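Give the three-dimensional model of this entry:
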Amino acid sequence: MDSKHKIYLTSIIFIALFCAEIFGLIPFLFSKINSTSVNLAKERQNLEVAQKNAREAAAAEDKYQAIKPHLDEISKSLLDRGEVLDFIMVLEKVASETGNQSDILVITNNSGTKAAEKKEADKAMRFQVSLNGSFSNLVKFLSKVENMPYLNDIDGIQIRGYGGGLEKNNADQADSGAAIATTINIKVYLKP
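All right, here's what the predicted structure looks like:
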């Protein structure tokens, strides 16, 4: 074999090895680039989530600072667990002052198995107030309950007429003295 053939043979082997190296290296490099770009995309997404959380935290801090001066007022409007009897007595007094006969029950959740129900019981106490009186007296009662110093929600009202129903007077208006029986569900929020 002469030197010219050796040079060709060496060149062909070198080119073959070079091509094999390139074709073996290129897929490896593409897979590395692909995995790196996937990791970069995940990191970018994590960064965006972190930035969004930081903005939300700053907004929450601003809201907190805005209500901070009023927290004492809010705390005063929540019923202390030791004042439940006092609250019931206030409800009875309001019912009496507005000309209603009342019966007040504390509604307890007997199931107590769900965590959400336990959490709700820790935040609020429910009462069922049964009233007998007139419609105008009911409106007075509701107005006074809504204006009580305690934070409360009236969840439901059921009104039933009894004792002769509603009668019309000479001015063709409903008689405000007609007897009604009312059941009111009241939720009062408790101090933590």
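
Which helix in this protein has the most residues?
Selection of the longest helix in the chain by residue count, based on DSSP state H, yields helix 3-67.

Over that one, what's the mean pLDDT, rounded is fine.
Across helix 3-67, the average pLDDT comes to 88.

That one: what's the following helix or strand?
Under the assignment DSSP states H and E, the closest C-terminal helix or strand after helix 3-67 is helix 71-76.

Pull out the buried positions in that following helix.
If you call a residue buried by 16 or more other CB atoms under 10 Å, then helix 71-76 has no buried ones at all. C-beta here means a position set from N, CA and C on the backbone, and glycine is covered the same way.

swap in stretch 90-110?
The neighbour-count check on stretch 90-110 (16+ other CB under 10 Å) flags Val90, Leu91, Val94, Ala95, Thr98, Asn100, Ser102, Ile104 as buried.

Among those residues, which ones are in helices?
Val90, Leu91, Val94, Ala95.

and the chain, what are its domains?
The record's domain parsing of the chain by automatic domain parsing lists 3-68, 81-189.

Please produce JSON lines containing the ones you listed, extended by distance to Ser75.
Converted to JSON lines, those look like this (distance: least, CB to CB, whole Å):
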{"stretch": "domain 3-68", "distance to Ser75": "12"}
{"stretch": "domain 81-189", "distance to Ser75": "10"}
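
most tightly surrounded among those?
Mean neighbour count (mean count of other CB atoms under 10 Å) peaks for domain 81-189 among those, with a mean of 14.

tell me which of the buried residues of stretch 90-110 is nearest to Asp153?
Looking at these and their distance to Asp153, the nearest is Leu91, at 14.4 Å (CB to CB).
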